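Trainee: no sequence on this one, just coordinates:
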Ligand SMILES: Nc1ncnc2c1ncn2[C@@H]1O[C@H](COP(=O)(O)OP(=O)(O)OP(=O)(O)O)[C@@H](O)[C@H]1O
């Protein structure tokens, strides 16, 4: 799928302002941004629910628009707000959405069975959705979008309100879909979720694309790739602190009493740094290393924390 120069305004407010992106076959695009960045509006345009003011969306060369029924049939959408009938059992929800996607007869039955298995809800097929937990509803919401075996699945913040166990179950499902070769678009404001799934990441804010990179290339945007945190029995001598600050590959040091954080350009330098400390007679209480997260990258790009 390719989207070029998408624009959408609501009255005076420009929700999406010239967004371009591409989803390659079999790959997962992570679409990241804080609340109100324009992710849902972009997703609405990608799947032909929101009419464009300007720009173009093509899926395998075919334009997507609210009237392009055939092309839209190749997309599955998992909306941010649950789209389920609470008073119907899980299976009846699936049968209804399957029928809306044009499935009938034995094929509909077979697809509903597969979707229930994928959502791990086989034993709750005949229970009303109203009796389900938040995580079960989310899993069913995803299953409803997969009945027609779409090439492209678009998920708009699919883990909102989900406990960690269901979140893992959702990730297992999405990883299985990736292995089957499907393309995914995954919007979230959680960096760690996107890092786990995405082959490519687009970061948005105020309706515009701030970065469009592979996760590895995004990390390259940062001066420090990793941090080594350690606590010593006694503080670093001033001369050693100065020596460390001057080392090539050390992007910065912060200290809090005898606890230090050294930001490193290359994570591999952490080992030689620890050896150097020992050689100079320091006793290390404990230490930990951390890779720079995409959270740091967002802060670097926008000057704002992701969960503002
Ligand atoms: N139907 C609408 N009518 C008026 N304004 C809208 C509409 N839909 C979105 N907006 C506005 O467009 C901007 C972008 O909203 P959008 O929902 O696309 O952002 P988002 O990144 O998905 O945020 P969130 O993570 O909170 O869902 C916001 O300022 C929002 O208030």
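Mentor: Cool, the structure landed. Small disclaimer: the values here were computed from a predicted structure and weren't measured. Numbers count the residues shown, from 1 in each chain.
Trainee: what sits against the residue nearest to residue 222 when sequence neighbours are not counted?
Mentor: Nearest residue to residue 222, sequence neighbours excluded (Cβ to Cβ, 6 or more residues apart in numbering): residue 292, at 5.0 Å. The way it works is simple: take the backbone N, C-alpha and C, and place the C-beta from them, glycine included. Residues counted as contacts of residue 292 (Cβ atoms under 8 Å, 6 or more residues apart in numbering) are 219, 222, 224, 225, 226, 227.
Trainee: just give me the neighbour total for residue 160.
Mentor: By other Cβ atoms under 10 Å, 14 other residues sit near residue 160.
Trainee: I'd guess it is in a helix, am I close?
Mentor: No. In this structure, residue 160 is coil, not part of a helix, as judged by DSSP: H, G, I helix; E, B strand; the rest coil.
Trainee: my read: residue 74 touches residue 151, true?
Mentor: Yes. The pair residue 74 / residue 151 is scored as a contact, 5.1 Å apart, by Cβ atoms under 8 Å.
Trainee: buried set for the lengthiest helix in the chain?
Mentor: Longest helix of the chain, by residue count under DSSP state H: helix 164-179. Across helix 164-179, burial judged by 16 or more other Cβ atoms under 10 Å covers 166, 167, 169, 170, 173, 174, 177, 178.
Trainee: grab the nearest non-local neighbour of the fifth one.
Mentor: Spelled out, it's residue 173. With Cβ to Cβ, 6+ apart as the criterion, residue 173 has its nearest non-adjacent residue at 5.8 Å, and that residue is residue 118.
Trainee: once you drop chain neighbours, what's closest to the residue nearest to the spatial centre of the chain?
Mentor: The C-alpha lying nearest the average C-alpha coordinate of the chain belongs to residue 194 (Cα atoms, centre = their mean; 2.7 Å). For residue 194, ignoring the flanking residues on the chain, the nearest one in space by Cβ to Cβ, 6+ apart is residue 30 at 3.4 Å.
Trainee: just confirm the one you found is within a helix.
Mentor: No. Using three-state DSSP, the assignment for residue 30 is strand, not a helix.
Trainee: in the protein, which spans are strands?
Mentor: Using DSSP state E, the strands of the chain run over 2-10, 13-22, 28-32, 54-59, 62-63, 75-78, 152-156, 183-188, 200-205, 208-213, 226-232, 250-256, 259-264, 284-291.
Trainee: what does the closest residue to residue 67 other than its chain neighbours show for phi and psi?
Mentor: Distances taken as Cβ to Cβ, 6+ apart place residue 48 nearest to residue 67, at 8.0 Å, with adjacent residues excluded. Dihedral angles of residue 48 (phi, psi; degrees, to the nearest 10) stand at phi 80, psi 20.
Trainee: hmm, residue 73 and residue 48 touching each other?
Mentor: No. Judged on Cβ under 8 Å, residue 48 makes no contact with residue 73 at a distance of 10.1 Å.
Trainee: hang on, the earlier thing: what pLDDT is listed against the residue nearest to residue 222?
Mentor: pLDDT for residue 292: 76.
Trainee: gap between it and residue 24?
Mentor: Distance from residue 292 to residue 24, counting by Cβ to Cβ, to the nearest Å: 25 Å.
Trainee: sorry, back to before: winner for burial among the strands of the chain?
Mentor: Mean neighbours per residue, mean count of other Cβ atoms under 10 Å, is largest over these for strand 28-32, with a mean of 26.
Trainee: how about the residues of this protein by the ligand?
Mentor: Counting by Cβ under 6 Å from any ligand atom, the residues of the chain close to the ligand are 10, 13, 15, 33, 35, 36, 37, 38, 39, 40, 41, 189.
Trainee: if we ignore the residues flanking it in sequence, what's nearest the fourth one?
Mentor: Leaving out its chain neighbours, the residue that sits closest to residue 33 by Cβ to Cβ, 6+ apart is residue 204, at 3.8 Å.
Trainee: was I right about the one you found contacting residue 40?
Mentor: No. Using Cβ under 8 Å, residue 204 is not in contact with residue 40, being 10.8 Å away.
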